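# pasting a predicted model and its sequence here:
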Amino acid sequence: MTLEIDWTRCDGHGLCAALLPDRISRDEWGFPVLHGTKLPPDTAVRRAVAACPALALRLTRT
Ligand code: SF4
């Protein structure tokens with residue numbers, strides 16, 4: 001699975017980085033930086049996708 005960010009929606013809440021601290025960090029403006037986009041569709045990743053308040057995260061099959 002590939003994790004993607006829709007930059008037209010993301011507003012830098014940082015919730016995804018808080019939920020997935022080993023997979024996502026934040027840049028100096030608070031926007032997410034992915035540590036690799038190919039991720040296992042584990043529960044934590046799915047929870048972060050569902051929790052994004054801007055609906056900016058999505059998992060796609062690769
Ligand atoms: S939780 Fe959603 S809106 Fe917030 S930084 Fe992550 S992708 Fe962007």
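Perfect, thanks for sending it.
# for this structure, longest helix please?
The single longest helix within the chain, with elements called by DSSP state H, is helix 43-51.
# tell me the mean pLDDT for that one?
The average pLDDT within helix 43-51 is 94.
# what does stretch 11-30 contact?
When contacts are taken as CB atoms under 8 Å, 6 or more residues apart in numbering, the neighbours of stretch 11-30 outside the stretch itself are 3, 31-36, 39, 44-45, 47-48, 51-54, 56-57. Bear in mind the C-beta positions are built from the backbone N, C-alpha and C, glycine included.
# among those, the buried ones, what's the ChimeraX command?
What follows is the ChimeraX syntax selecting those of the contacts of stretch 11-30 that are buried according to 16 or more other CB atoms under 10 Å:
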select :3,32,34,39,45,48,52,56,57
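# which of the contacts of stretch 11-30 come close to the ligand?
Restricting the contacts of stretch 11-30 to those near the ligand by CB under 6 Å from any ligand atom leaves 32, 52, 54, 56-57.
# what's across from the nearest residue to Thr60 once chain neighbours are set aside in the sheet?
Distances taken as CB to CB, 6 or more residues apart in numbering put Thr2 closest to Thr60, at 5.1 Å, once the chain neighbours are dropped. Here Thr2 sits in beta bridges with Lys38, Thr60, as judged by DSSP bridges.
# report pLDDT for Thr2.
pLDDT recorded at Thr2 is 90.
# would you enumerate the residues in contact with it?
So, once contact is read as CB under 8 Å, 6+ apart, Thr2 ends up touching 37-39, 59-62.
# again, but for Ala51
Neighbours of Ala51 in contact, by CB under 8 Å, 6+ apart: 15-16, 19.
# if any of those are buried, give me the ChimeraX selection for them.
Listed next is the ChimeraX selection for buried residues among the contacts of Ala51, using 16+ other CB under 10 Å:
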select :15,16,19
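# nice, that's everything, thank you.
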